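> with the input below, show me the fold.
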Amino acid sequence: MQASPSAPRFSPRVSCCFLLAVVYGAVLQLAVSATDPIAPPKTAVASTPFPLDPTKDSRLAWWREARFGMFIHWGVYSALGGEWKGQPVNGYSEHIMRLCKIPRETYLQEVVKPFNPTAFDAESWVKTAKETGMQYIIITAMHHDGVAMYDSKVDDYNVVATSAFGRDPLRELKNACDRNGVKLGVYYSHAIDWSLSGDHRFPEPNGPERRKACVERKALPQILELLRNYHPAILWGDTPHLNPKELNEEILLAVRREDPDVIINGRLAGAVHGDYVTTSDRPAEFPLMNAPGEEDWEAIPTTNESYGYHQHDKSHKPAEHFIHLLAKAAARGGNILMNIGPRGDGTIAPEDQNILNAIGRWWGINGESIRGTVRTPLSSQAWGESTRKGNTLYLHVFHWPSDGRLLLGGFKGGISRISLMAVPNHNLTFRRQGQDITISIPKECPDSADSVLIVECKDPPEGDGAFLLQTSMPNTLSVFIADILGRLPVKDSWSLGKGQTISSHVTGWSRKECAVRWNCRLDSPADFLVSLNYDAPPDGGLKQVDSIGGTMQATNQDTFGGLFSVRINEQEKRGEVRERGVGVSMDLGRVSLKPGPVVIEVKADTITGKELMRLKSITLDPVNKNTPAVE
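Numbers count the residues shown, from 1 in each chain. Prediction:
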């Protein structure tokens, strides 16, 4: 995925499309010639204002309905499988050219030319996506290595003209998608191309003039070529920060003029100009996504930790992980674009296929609870999430209550009927308790990953916004559903982390005015054991970091420590950050709470390190009153 903002290494190459353009000035004129069928617009338009787009809603209608798509990172690098000269490479396999400093000529001779995925079957890929529940596919038409995975007339550095394969996989995928009613979109690396250094058409070293030449002589012509020849439903850009703003806006306006109906993601010219927001790579948690501009968004998890196929990366998540992400995203009005990295021979790796098969089985019963849904009016629940479609709520129960009672918190409105998605003809009994609904459920859950209940409401459902503390199961409150108080003016100082497995915490807790707060509610008196979970990697040791090209190990230079207090209404618990590590759990003792509003706030008393800690969550676990207190 995202490449380094420091210095991509470029190497020489020749393009048959511009052989006549040996003089710099002549090249620029040819690039904007109206007679060139793939030329960008004649006039620079970077300063043109971007008004509100009245066609956005109609353009996004099918995408909002879909809620689930497949991301495919596949290129000549896939044949290497994350290994170079017999040695495994840490990080994203699609970054292997940069990570291993492979010269362009070596990459051409040893990677591009031999590429020959004889087992590639576009029809099989599309049917797999459709059976999993996915309604659209985004394929890497060109990644950072500069190799076009389609028949490009702009540049012969592509798999049709240069590799042993000699076929156009994008054309085959487009035809298969059309046959199966699946939308096809293309990823295009418009700001990075490691194949271009030394080419006489592109000034050296890297800088504004070079970026202008790279965009206007290759990137923009190829993007327009893709639009004209393949008619993608989505154009997925990447790394816009590596281009000057005006170049990204030039591309954006050229695309809008060429195809007003194509959806553009937030990484082409920045989120403010995209049709939707894209999360960070490999998300495992999402914030509430309720800020202005976050109405439409898409998360891009991948099956392991690499986007391209990596034979040495065995960190594949269970299907349950992605099913939960689907429900969490839909609850917040977003889509999941789940990535797989097919192997170099064109087949889907068994690990990926097994995950897709399991999701497909769940989707076959429960897909209605995701597709076509909108943001839920309810808060997160201790047992899971909810989604909405019209007057129907879908309750996604990740943690099935063992006592046969599911408590739906903060629901306003009347209910006509409640049933299980897996047993739709069997009505479940329920009763109202103030703002909450108690539903009688079977002792055994229909699906251990996510059992879905259908709540048919008499009117559009509403919620009260507070997290209902349950007295029959643990209540784990993530910082991603909290209010982050005391935001500091320094960029990236005090904020939520990126939401990846290694960054599902708050970060930058360096001042006492910073705090984390949850607004909750309790419907009956109860005692709870309180515990807190945080990250604080040891000084001088190795830590996992989200680096350029994926997760890397780095020496930890951060320090943590200090005293904090957890205030739960009028009761206060204190703790000290002494233990270092990832996922540290600290027991804070017992609290007795009365029914009504419950405000939980974590504050710093003293900070002795660079940061206090990186808080992940707080848990209130209900206990019997005879249970001894934890001191």
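> element containing L477?
Following DSSP states H and E, one finds L477 within strand 475-478.
> next SSE downstream of that strand?
Where DSSP H and E defines the elements, the next helix or strand beyond strand 475-478 is strand 483-485.
> what's the average pLDDT for that following strand?
Mean pLDDT, computed over strand 483-485, is 95.
> partners of that strand, with directions?
Sheet pairing of strand 483-485 (DSSP bridges) gives strand 515-522 (antiparallel).
> domains of the chain?
16-366, 384-465, 475-623 (automatic domain parsing).
> wait, doesn't R64 sit right on E298?
No. Counting by C-beta atoms under 8 Å, R64 stays clear of E298, with 10.6 Å between them. Just so you know, the C-beta spots here come from the backbone N, C-alpha and C atoms, and that holds for glycine as well.
> between those two, who's got more neighbours?
Using other C-beta atoms under 10 Å, the more surrounded residue of R64 and E298 is E298, with 24 against 17.
> paired strands for whichever strand or helix holds the more buried one, with orientation please.
E298 belongs to strand 297-300 when assigned by DSSP H and E. Paired neighbours of strand 297-300 in the sheet (DSSP bridges): strand 277-281 (parallel), strand 334-340 (parallel).
> pLDDT averaged over that strand - what is it?
Averaged across strand 297-300, pLDDT comes to 98.
> for stretch 230-250, which residues meet the burial criterion?
230, 232-240, 242-244, 247-250 (16 or more other C-beta atoms under 10 Å).
> from these, which land in helices?
Among the buried residues of stretch 230-250, DSSP state H puts 230, 247-250 in helices.
> relative to H73, how far out is T302?
8 Å (C-beta to C-beta, to the nearest Å).
> now swap in E572 and tell me
E572 is 49 Å from H73, where distance means C-beta to C-beta.
> swap in R64?
According to C-beta to C-beta, R64 and H73 sit 24 Å apart.
> check S189 too.
Distance from S189 to H73, counting by C-beta to C-beta: 11 Å.
> sorry, back to before: so of the buried residues of stretch 230-250, which ones are in strands?
The strands, defined by DSSP state E, take in 234-236 from the buried residues of stretch 230-250.
> could you export these as a markdown table, including pLDDT and distance to F528?
Shown next, in a markdown table, are those (pLDDT from 0 to 100; distance: C-beta to C-beta, whole Å):
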| residue | pLDDT | distance to F528 |
| --- | --- | --- |
| I234 | 98 | 46 |
| L235 | 98 | 50 |
| W236 | 98 | 45 |
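> have a look at this protein and report its longest helix.
Looking across the chain with DSSP H, the single longest helix is helix 350-366.
> next, the buried residues of that helix.
Residues of helix 350-366 classed as buried by neighbour count (16+ other C-beta under 10 Å): 352-353, 355-356, 358-360, 362-363, 365-366.
> just give me the neighbour total for the nearest residue to F467 once chain neighbours are set aside.
Nearest residue to F467, sequence neighbours excluded (C-beta to C-beta, 6 or more residues apart in numbering): C520, at 4.5 Å. The tally of other residues near C520 (other C-beta under 10 Å) stands at 20.
> how about V584?
Other residues lying near V584 total 18 when counted by other C-beta under 10 Å.
> can you tell me the strand partners of the helix or strand in which it is found and which way each runs?
Taking DSSP H and E as the definition, V584 sits inside strand 581-593. Using DSSP bridges, strand 581-593 pairs in its sheet with strand 526-536 (antiparallel).
> how far out from the middle of the chain is the strand it pairs with?
Here strand 526-536 is found 28 Å from its chain centre; the criterion is C-alpha atoms, centre = their mean, to the nearest Å.
> output that strand as PDB - backbone C-alpha positions only.
Taking C-alpha atoms only, strand 526-536 is exported to PDB below (Å, rounded to 0.1, in the frame of the first residue of the first chain):
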ATOM      1  CA  ALA A 526     -24.700  -3.500  40.400                       C
ATOM      2  CA  ASP A 527     -21.100  -4.000  41.500                       C
ATOM      3  CA  PHE A 528     -18.300  -4.200  39.000                       C
ATOM      4  CA  LEU A 529     -14.700  -5.100  39.000                       C
ATOM      5  CA  VAL A 530     -12.800  -2.400  37.100                       C
ATOM      6  CA  SER A 531      -9.700  -3.100  34.900                       C
ATOM      7  CA  LEU A 532      -7.800  -1.000  32.500                       C
ATOM      8  CA  ASN A 533      -5.800  -2.100  29.400                       C
ATOM      9  CA  TYR A 534      -3.000  -0.100  27.900                       C
ATOM     10  CA  ASP A 535       0.200  -0.300  25.700                       C
ATOM     11  CA  ALA A 536       3.600   1.000  26.900                       C
END
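> what ranges do the strands span in the stretch 1-150 of the chain?
Remark: strands assigned in the stretch 1-150 of the chain by DSSP state E, counting those that start in this stretch are 68-72, 83-84, 87-88, 136-142.
> deepest in the core, which of those strands is it.
Of all the strands of the stretch 1-150 of the chain, strand 136-142 has the most neighbours on average by mean count of other C-beta atoms under 10 Å, namely a mean of 27.
> which neighbouring elements make contact with it?
On a contact count with 3 or more C-beta pairs under 8 Å, 6 or more residues apart in numbering; DSSP states H and E, strand 136-142 meets strand 68-72, helix 122-132, helix 169-180, strand 183-188, strand 234-236.
> and the third one, which residues are buried?
Along helix 169-180, these residues count as buried under the neighbour rule (16+ other C-beta under 10 Å): 169-170, 172-174, 176-177.
> can I get that helix in PDB, CA atoms only?
Presented in PDB, the C-alpha positions along helix 169-180 are these (Å, rounded to 0.1, in the frame of the first residue of the first chain):
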ATOM      1  CA  PRO A 169      -5.800  -9.600 -17.000                       C
ATOM      2  CA  LEU A 170      -7.700  -6.300 -16.500                       C
ATOM      3  CA  ARG A 171      -9.700  -6.900 -19.600                       C
ATOM      4  CA  GLU A 172     -10.500 -10.400 -18.600                       C
ATOM      5  CA  LEU A 173     -11.500  -9.300 -15.100                       C
ATOM      6  CA  LYS A 174     -13.700  -6.500 -16.500                       C
ATOM      7  CA  ASN A 175     -15.500  -9.000 -18.800                       C
ATOM      8  CA  ALA A 176     -16.000 -11.400 -15.900                       C
ATOM      9  CA  CYS A 177     -17.300  -8.700 -13.600                       C
ATOM     10  CA  ASP A 178     -19.800  -7.600 -16.300                       C
ATOM     11  CA  ARG A 179     -21.000 -11.100 -16.800                       C
ATOM     12  CA  ASN A 180     -21.600 -11.600 -13.000                       C
END
